[in-house]
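Visitor: Sharing a model that was predicted from the sequence below.
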Amino acid sequence: MPEGSALNEIIQKYEGDREALVEILRDVSQAAGYVTPEDMATIAQRLGLPQSQVHSVASFYSLISLKPMGKHVIRFCQDAPCHVAGGREIWETLEQTLGIPFGATTDDGQWTLLTTSCIGACSVGPVMMVDDEVYGNLTPDRVREIVAQVGGGA
Amino acid sequence: MAYRANILINSDAPGAEAVYGAFLDELQELALRDEVQVLMTSGLGGQGVATQGVDAIVYPDSVRYVNLTPDDVARITEEHLLKGRPILALTQAAPEVAPLPPPAPKEVRVVLRNIGKINPFDIEDYIAEDGYAALAKVLTTMTPEQVLDVLKQSGLRGRGGAGFPTHLKWTFARNSPNKPKYLICNGDEGDPGAFMNRSVLEGDPHAVIEGMAIAAYVIGAEQGYFYVRAEYPIAIRTLRAALEQAREYGFIGKDIFGTGFDFDLEIRMGAGAFVCGEETALMRSIEGQRGMPTTRPPFPAASGLWGQPTNINNVETYANVPQILLKGGEWFASMGTEKSKGTKTFAIAGKVKHTGLIEVPLGVTIREIVYDIGGGILNDKKFKAVQTGGPMGGCIPEQYLDLPVDYQSLASVGSIMGSGGFVIMDEDTCMVDIARFFMDFVQDESCGKCTPCRVGTRRMLEILNDICAGRGQPGDIELLEEMGKSIMHGSLCGLGAGAPNPVLSTIKYFRHEYEAHIYEKKCPAKVCRALIEYKVDPELCIGCTRCARNCPVDAIAGAPKEKHVIDPTICIRCGICKQVCPVAAIDVY
């Protein structure tokens, strides 16, 4: 997180509460895309925790990223209900359309392609989240449309 | 000059003009016209949200108000624009909170009774449906022991998966001598295919709050926590608004109903870790640590959150409580089977005509759920299996279609109730592939504490990957069975203890499919790509060249009006040729 002030604001929001460590890290990750080693050092110091503990928590949860993310993040549901509903074609369409495998970020920093565990929209599977928006009943054509739409409006 | 805030009103909605005028008047009165701009605009739609009445978005906060009338405008202007407090009660409901369809003939809605019927952002709606009447009754006329008696009579069991009798759990926490005591609602619904907790939190949050307040009274807790996964932002927002209103009405907070009973609730969000749905891991996560399970005993009732006595139940369990207290234990016990009382929600997904959430008395059969409620298999294909209980559950084959769905019966065939996931598979589903899928999930979500689970699930996944890729070897099935048993015995929590279940249950009922993959190098369901081949039927091919032109790897040879041939060494089995063939001459072998 480039500006120390934004990080401070998040820590202050939780009043420096040690028990809010998971939430502080998640908020930082969400605001800046990822958590830097410097962020973790600051958080450890402000909460009075060992850096090892902050790192152990940060590396445990999937919604806390320790790597930079693309401008848009696609989280595709990799679970069985979506798989049964035709998820494999969607998985392949996403990799082909963006030209990157899952887990990677495009060279221009526009897209990061991730899988997510179930987002609880199984009755409209296959499902993916693009940033904060959930898209269901996906078909390969619809995926290409959504990527063009979101990317075009960037 | 730049405006501090912009209000965009959807001009397409009937009545938008009146709301627009009201905003202008109100801003004029508060002398905010120079700071806030009001604009009429069309096409506010977007965002996949169905338009509801007059809607408006306030920027820069991006708060979307729906169903506005001119009467709402003064409140929004004063609270939101002047004081900076968005009025959550007027904001949009999520697109997913669409009303449930009318109940199917075999459905009985207790937990789902209010979903889509009441506005979750308006506590008055809930009160009109007898909301908080049970809490009032309990606090003013009943002792904790009397509440426990009613619960015992009702036979309510935990709806999170294990089915532990609720009255016993509460009794243990109540009898624990240490203070303070804590109460937790487990809303970390992570099972793939289960979304009943999300629907209840989004559609009827007060029922859960009321159930928790009753539990707090019984066990003697003053502080409670909602642990909700961060993947459910709408549920969290709805819950926040509901807690605010419940506090405002005095249903939680200090001296509830003037009885001197204090109880308040906080929301804690997860950060993406499936294992946090396990109660001991969940409590570590609330404490701000890695969400790793710890040994039991001690059970949470003796030593839970911060080492204090803690009662933890699932969303659905709490949501049942107010109805039971109002209508009586006998009423609840009149539904269901001898040992599994009441109703249970199920999330129907997969290859069935009507997917979605249902609620049925326990004891209905799988057939009734699949055919009478689910409308049968999609495209009238053949039912093959149902996976119940999520990634730690099992696959139940066709021969058990008439099995009653209750805790004991599901366990007797090697599956579990779990949180109520119900993924239906048809003849086109490869059971080895499905088992591999669930194993991929659990090995990814294993927290790594217990070696059998951490290493064992990875090894099992590798074997399954090999089998699906045509590299399966004699002895693989036996090895999977042996490893599965070791993992179950050697793991601390339910994740490891249940992780091998999908594999073991599919081996038990679909061993022939595993054998076909390993010995014949065939995938009977024609799913596993390394084991299938696309071929053109020369009798049917008309030589239109469409398949050859659409093939992404140029694996198809043939001139116009000649029979086409697919080269299996180049073919990547993407299936596009089969999709585009106008005469269905291409098939999988």
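Guide: Yep, that arrived.

Visitor: Now do the contacts for residue A:51.
Guide: Residue A:51 makes contact with A:40, A:41, A:44 under the criterion C-beta atoms under 8 Å, 6 or more residues apart in numbering or on different chains. For glycine as for every other residue, the C-beta is placed from the backbone atoms N, C-alpha and C.

Visitor: Likewise for residue B:506?
Guide: For residue B:506, the contacting residues are B:385, B:394, B:395, B:431, B:432, B:434, B:435, B:513, B:514, by C-beta under 8 Å, 6+ apart.

Visitor: Report the buried members of those residues.
Guide: Buried members of the contacts of residue B:506, scored by 16 or more other C-beta atoms under 10 Å in any protein chain shown, are B:385, B:394, B:395, B:431, B:432, B:434, B:435, B:513, B:514.

Visitor: in the sheet, who's paired with the third one?
Guide: Beta bridges link residue B:395 to residue B:387, judged by DSSP bridges.

Visitor: So it sits against residue B:386, correct?
Guide: Yes: at 7.2 Å, residue B:395 counts as touching residue B:386 under the criterion of C-beta atoms under 8 Å.

Visitor: helices or strands next to the helix or strand of chain A with the lowest mean pLDDT in the packing?
Guide: Across the helices and strands of chain A, mean pLDDT, DSSP states H and E gives its lowest value to helix A:80-84, namely a mean of 82. Judged by 3 or more C-beta pairs under 8 Å, 6 or more residues apart in numbering or on different chains; DSSP states H and E, helix A:80-84 is in contact with strand B:343-350, strand B:421-426, helix B:431-445.

Visitor: Return the distance of that helix from the chain's centre.
Guide: Here the centre of mass of C-alpha atoms in helix A:80-84, compared against the chain's by C-alpha atoms, centre = their mean, to the nearest Å, lies 21 Å away.

Visitor: Next: stretch A:8-27.
Guide: With C-alpha atoms, centre = their mean, you get 19 Å for stretch A:8-27.

Visitor: buried set for it?
Guide: A:10, A:11, A:14, A:19, A:20, A:21, A:22, A:23, A:24, A:25, A:26, A:27.

Visitor: Closest one of those residues to residue B:125?
Guide: residue A:23 (30.2 Å; C-beta to C-beta).

Visitor: and the gap between the closest one and residue B:225?
Guide: 12 Å (C-beta to C-beta, to the nearest Å).

Visitor: any idea what the residue in the stretch 101-250 of chain B positioned nearest to chain A is structurally, helix, strand or coil?
Guide: Closest contact between the stretch 101-250 of chain B and chain A, by C-beta to the nearest C-beta, is at residue B:192 (3.2 Å). Secondary structure assignment for residue B:192 (DSSP: H, G, I helix; E, B strand; the rest coil): coil.

Visitor: How about it: what's its closest non-neighbour residue?
Guide: residue A:79 (3.2 Å; C-beta to C-beta, 6 or more residues apart in numbering or on different chains).

Visitor: Ok, residue B:169 next?
Guide: residue B:311 (6.3 Å).

Visitor: and the residue most central in space within chain B, what pLDDT?
Guide: Geometric centre of chain B, nearest residue: residue B:195, 1.8 Å, by C-alpha atoms, centre = their mean. Residue B:195 is assigned a pLDDT of 88 by the prediction.

Visitor: residues touching the residue of chain A most remote from its centre, list them.
Guide: Residue farthest from the centre of chain A, counting by C-alpha atoms, centre = their mean, is residue A:48 at 27.3 Å. Residue A:48 makes contact with residue A:18, according to C-beta under 8 Å, 6+ apart.

Visitor: how is chain B carved up into domains?
Guide: B:5-90, B:123-332, B:343-426, B:431-519, B:533-588 (automatic domain parsing).

Visitor: sec struct for the residue nearest to residue A:128 when sequence neighbours are not counted, please.
Guide: Spatial nearest neighbour of residue A:128, chain neighbours left out: residue A:76 (4.4 Å); criterion: C-beta to C-beta, 6+ apart. Recorded secondary structure, residue A:76: strand (three-state DSSP).

Visitor: and residue A:76, what are its bridge partners?
Guide: Assigned bridge partners for residue A:76, using DSSP bridges, are residue A:115, residue A:128.

Visitor: got the domain boundaries for chain A?
Guide: Using automatic domain parsing, chain A is parsed into the domains A:4-58, A:72-152.

Visitor: hey, which of these is tucked in deepest?
Guide: Looking across those with neighbours counted as mean count of other C-beta atoms under 10 Å in any protein chain shown, the highest average goes to domain A:72-152: a mean of 19.

Visitor: and that domain, how far from the chain's centre?
Guide: That offset, for domain A:72-152, works out to 12 Å (C-alpha atoms, centre = their mean).

Visitor: End to end on that domain, go ahead and measure it.
Guide: 12 Å (C-alpha to C-alpha, to the nearest Å).

Visitor: got any ranges where chain A has weak pLDDT?
Guide: A:1-4, A:153-154 (pLDDT under 70).

Visitor: and the gap between the residue most central in space within chain A and chain B?
Guide: Centroid check for chain A by C-alpha atoms, centre = their mean gives residue A:63 as the closest residue, at 5.6 Å. The gap separating residue A:63 from chain B is 4 Å, by C-beta to the nearest C-beta, to the nearest Å.

Visitor: That residue belongs to a strand?
Guide: No: counting by three-state DSSP, residue A:63 is not part of a strand but coil.

Visitor: Leaving out chain neighbours, which residue sits closest to it?
Guide: Spatial nearest neighbour of residue A:63, chain neighbours left out: residue B:272 (3.5 Å); criterion: C-beta to C-beta, 6+ apart.

Visitor: Can you give me every residue that contacts that neighbour?
Guide: Contacts for residue B:272 (C-beta under 8 Å, 6+ apart) come out as A:61, A:62, A:63, A:64, A:116, A:117, B:229, B:230, B:231.

Visitor: Remind me which helix or strand it belongs to.
Guide: Secondary structure assignment for residue B:272, by DSSP states H and E: no helix or strand.

Visitor: In this structure residue B:282 contacts residue B:184, no?
Guide: Yes: proximity of residue B:282 to residue B:184 meets the contact threshold set by C-beta under 8 Å, at 7.0 Å.

Visitor: intersection of neighbour lists for the two?
Guide: With C-beta under 8 Å, 6+ apart as the test, residue B:282 and residue B:184 both reach B:227, B:312.

Visitor: Per-residue pLDDT of residue B:402, please?
Guide: Checking the pLDDT column for residue B:402, the value is 97.

Visitor: Could you find the closest non-adjacent residue to it?
Guide: In space, and not counting its chain neighbours, residue B:402 is closest to residue B:365: 5.0 Å by C-beta to C-beta, 6+ apart.

Visitor: quick one, phi/psi of that neighbour?
Guide: Residue B:365 has phi and psi values of phi -90, psi 160 when expressed as degrees, to the nearest 10.

Visitor: I'd like to know how far it sits from chain A.
Guide: Counting by C-beta to the nearest C-beta - residue B:365 and chain A are separated by 21 Å.

Visitor: Figure out the helix or strand that residue A:118 lives in.
Guide: Per DSSP H and E, there is no helix or strand for residue A:118.

Visitor: Hmm, residue A:75 and it touching each other?
Guide: No: between residue A:118 and residue A:75 there is no contact under C-beta under 8 Å: 11.1 Å.

Visitor: How are the strands of chain A distributed by residue range?
Guide: A:72-77, A:111-116, A:128-130, A:133-135 (DSSP state E).

Visitor: And the average pLDDT for stretch B:152-171 is what?
Guide: 94.

Visitor: Next, count neighbours for the closest residue to residue B:100 other than its chain neighbours.
Guide: Among residues not flanking residue B:100 along the chain, residue B:116 sits closest, at 5.0 Å (C-beta to C-beta, 6+ apart). The tally of other residues near residue B:116 (other C-beta atoms under 10 Å in any protein chain shown) stands at 17.

Visitor: Great, nothing more from me.
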